[in-house]
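Enquirer: quick one: sequence and predicted model below, then my questions.
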Amino acid sequence: MHPDPRTQPREFLRSLYDAAVARALPAQNTARYLPPPPKGRTLVLGAGKAGGAMAAAVDALWPQDAPLSGLVVTRYDHVPPAYKAKPGRIEVVEASHPVPDAAGERAAQRILELTQGLTADDLVLCLISGGASALLSLPAPGLGLEDKRAINKALLNSGAAIDEMNCVRKHLSAIKGGRLAAACAPARVVTLLISDVPGDAPEVIGSGPTVPDPSTCADALGILQRYGIPVPAAARAGLASGAFETPKPGDARFAGHQVHMIATPQQSLEAAAALARESGLDAHILSDEIEGESREVGKVHAALARAVARRGEPFTRPCVILSGGETTVTVRSKGGRGGRAGEFLLGCAIALQGQPGVHVLAADTDGIDGIEDNAGAVVTPDTLARAVAAGMKAGEYLDRNDAYSFFARLDDLVVPGPTFTNVNDFRALLVL
């Protein structure tokens, strides 16, 4: 039995989140996309927040009598406990996300080295999920890890969209933007993707290490200029001259390669919608591609929920409104804690003005909102009243990008721990 949305709204919203996460787990989505073992050897390479779970799934499904080896890098504490306790044939290492560290750089270098000596009889299975951009950090020639870290931090704080950030990342990398697959030639490459980006574009997911890149050095330079992000002279020179250009569509090194999308944000939203309908509610999916400033997206969702609650338009209540995508946070104040989900919820709570009958959950499907220990939080009709009683002004917390502290004091954080997958933002508004 599922929680009753009318008497257990908080628990019901959490069940929708859990259903969305479960739909994206690698163990449930990998088998149908695995090719048969090749004549030669099979090498597994990969990176991302779901990397550990993807490696565990491949290891469990691959024939025991067929050669299998490889290296995958995931975020710290994102290796499934069972695989960590009893490692399989694929080595899984951990590194930092969202800001790269030396462990990620070492892993990326090792992954690139493992491609040496591959033949046309060999198969490379590449497992890519969200987070690979930071975890596969191998700077372009002339750049150091500290350069990449500084640029990455500036991008994260700038409000740039994910495709813009990844355009810059891949052009300042020695392994992303198709370079990993190019290094695997002449072996056949099959890429399994878990999408965390609006539109599910393979070249954007994890900065596309195994697919050709249609963006250019000029695009990357324009993004850096647009957001006023300073870069070292070597980076600017490499972009301006085209020396850092990535492999493009039509490159012969990608011939015969396959790319499979094994889990997407839309699929997870549909799983949550199905659960809501089983519970007797109408469910409406707005979009899996919503982008924009988190607090502003929160205000728009609040306006929609208020219209449903007060006028029964554009949807009749009771209902659930779902959305996904990847919003952004422009950091305006140092010292605040929180990520996209928390910022969305704080903007949403202020705009809802305590609207009766509206409950909201927003959480990242990887279990981590930004760099905190929570996935997100919950807003209830009495959120603002409880905040006032605790001596808190929601607007002040929003001004200093401190949503985590706000919801922590209200005991409204959602803390599932790492989920071992990642299909990005999940938002559910219950209107009773």
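Expert: Structure received.

Enquirer: report the helix or strand with the lowest average pLDDT across the chain.
Expert: helix 145-158 (a mean of 87; mean pLDDT, DSSP states H and E).

Enquirer: could I get that one in PDB with only the CA atoms?
Expert: What follows is helix 145-158, C-alpha atoms only, in PDB (Å, rounded to 0.1, in the frame of the first residue of the first chain):
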ATOM      1  CA  LEU A 145      44.100  20.900 -12.400                       C
ATOM      2  CA  GLU A 146      43.900  24.100 -10.500                       C
ATOM      3  CA  ASP A 147      43.100  26.000 -13.700                       C
ATOM      4  CA  LYS A 148      40.200  23.500 -14.300                       C
ATOM      5  CA  ARG A 149      39.000  23.800 -10.700                       C
ATOM      6  CA  ALA A 150      38.900  27.600 -10.800                       C
ATOM      7  CA  ILE A 151      37.000  27.600 -14.100                       C
ATOM      8  CA  ASN A 152      34.600  24.900 -12.900                       C
ATOM      9  CA  LYS A 153      33.800  26.800  -9.700                       C
ATOM     10  CA  ALA A 154      33.200  30.000 -11.700                       C
ATOM     11  CA  LEU A 155      30.900  28.200 -14.100                       C
ATOM     12  CA  LEU A 156      28.900  26.600 -11.300                       C
ATOM     13  CA  ASN A 157      28.400  30.000  -9.600                       C
ATOM     14  CA  SER A 158      27.700  31.900 -12.800                       C
END
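
Enquirer: by contact count, what packs against the helix or strand harbouring A274?
Expert: Using DSSP states H and E, A274 falls within helix 265-278. Helix 265-278 is packed against helix 9-23, strand 282-285, strand 319-325, strand 425-431, with contacts defined by 3 or more C-beta pairs under 8 Å, 6 or more residues apart in numbering; DSSP states H and E. (C-beta placed from N, C-alpha, C; glycine too.)

Enquirer: next one: phi and psi at the closest residue in space to L138 that isn't next to it in sequence?
Expert: Counting by C-beta to C-beta, 6 or more residues apart in numbering, A108 is the residue found nearest to L138 once chain neighbours are left out, at 3.8 Å. Dihedral angles of A108 (phi, psi; degrees, to the nearest 10) stand at phi -60, psi -40.

Enquirer: what distance do you get for A108 to E326?
Expert: Between A108 and E326 the distance is 23 Å, computed by C-beta to C-beta, to the nearest Å.

Enquirer: neighbour-wise, which of those two wins?
Expert: Each of A108 and E326 has its neighbours counted (other C-beta atoms under 10 Å); A108 has more, 27 against 22.

Enquirer: ok, that one to F426 distance?
Expert: Taken as C-beta to C-beta, the span from A108 to F426 is 29 Å.

Enquirer: scan the chain for its longest helix.
Expert: Determined from DSSP state H, the single longest helix within the chain is helix 294-311.

Enquirer: now that one, how far from the centre of its chain.
Expert: In terms of C-alpha atoms, centre = their mean, to the nearest Å, the centre of helix 294-311 is found 24 Å from the chain centre.

Enquirer: alpha carbons of it, as CSV, please.
Expert: Extracted as CSV, the C-alpha positions of helix 294-311 are listed here (Å, rounded to 0.1, in the frame of the first residue of the first chain):
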residue,chain,number,x,y,z
SER,A,294,16.0,28.0,-9.5
ARG,A,295,14.2,30.6,-7.4
GLU,A,296,12.3,31.9,-10.4
VAL,A,297,11.3,28.5,-11.6
GLY,A,298,10.0,28.0,-8.0
LYS,A,299,7.8,31.1,-8.3
VAL,A,300,6.3,29.9,-11.6
HIS,A,301,5.5,26.5,-10.1
ALA,A,302,3.9,28.2,-7.1
ALA,A,303,1.7,30.4,-9.4
LEU,A,304,0.5,27.3,-11.2
ALA,A,305,-0.3,25.4,-8.0
ARG,A,306,-2.2,28.4,-6.6
ALA,A,307,-4.3,28.7,-9.7
VAL,A,308,-5.2,25.0,-9.4
ALA,A,309,-5.9,25.3,-5.7
ARG,A,310,-8.0,28.4,-6.0
ARG,A,311,-9.7,28.2,-9.4
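
Enquirer: going forward, count from 52.
Expert: In the new count, where the first residue is 52, that last one comes out as helix 345-362.

Enquirer: tally of neighbours for L64?
Expert: 28.

Enquirer: so the residue lying closest to it once chain neighbours are set aside is in which element?
Expert: Using C-beta to C-beta, 6+ apart and skipping the chain neighbours, the partner closest in space to L64 is L412 (3.8 Å). Assessed by DSSP H and E, L412 sits inside strand 409-415.

Enquirer: what is that strand packed up against?
Expert: Checked by 3+ C-beta pairs under 8 Å, 6+ apart, strand 409-415 has helix 60-74, helix 345-362, helix 391-403, strand 427-430, strand 476-482 packed alongside it.

Enquirer: so how far is it from its chain's centroid?
Expert: With C-alpha atoms, centre = their mean, you get 17 Å for strand 409-415.

Enquirer: what are the pairing partners of that strand, and which direction each?
Expert: strand 427-430 (antiparallel), strand 476-482 (antiparallel) (DSSP bridges).

Enquirer: tell me the angle that strand makes with helix 391-403.
Expert: 160 degrees (axes from the mean of the first three to the mean of the last three C-alpha atoms, to 10 degrees).

Enquirer: deepest-packed of the strands paired with strand 409-415, please.
Expert: Highest mean neighbour count among these (mean count of other C-beta atoms under 10 Å): strand 427-430, with a mean of 28.

Enquirer: on that earlier part again, next, the buried residues of the least confident helix or strand of the chain.
Expert: 198-203, 205-209 (16 or more other C-beta atoms under 10 Å).
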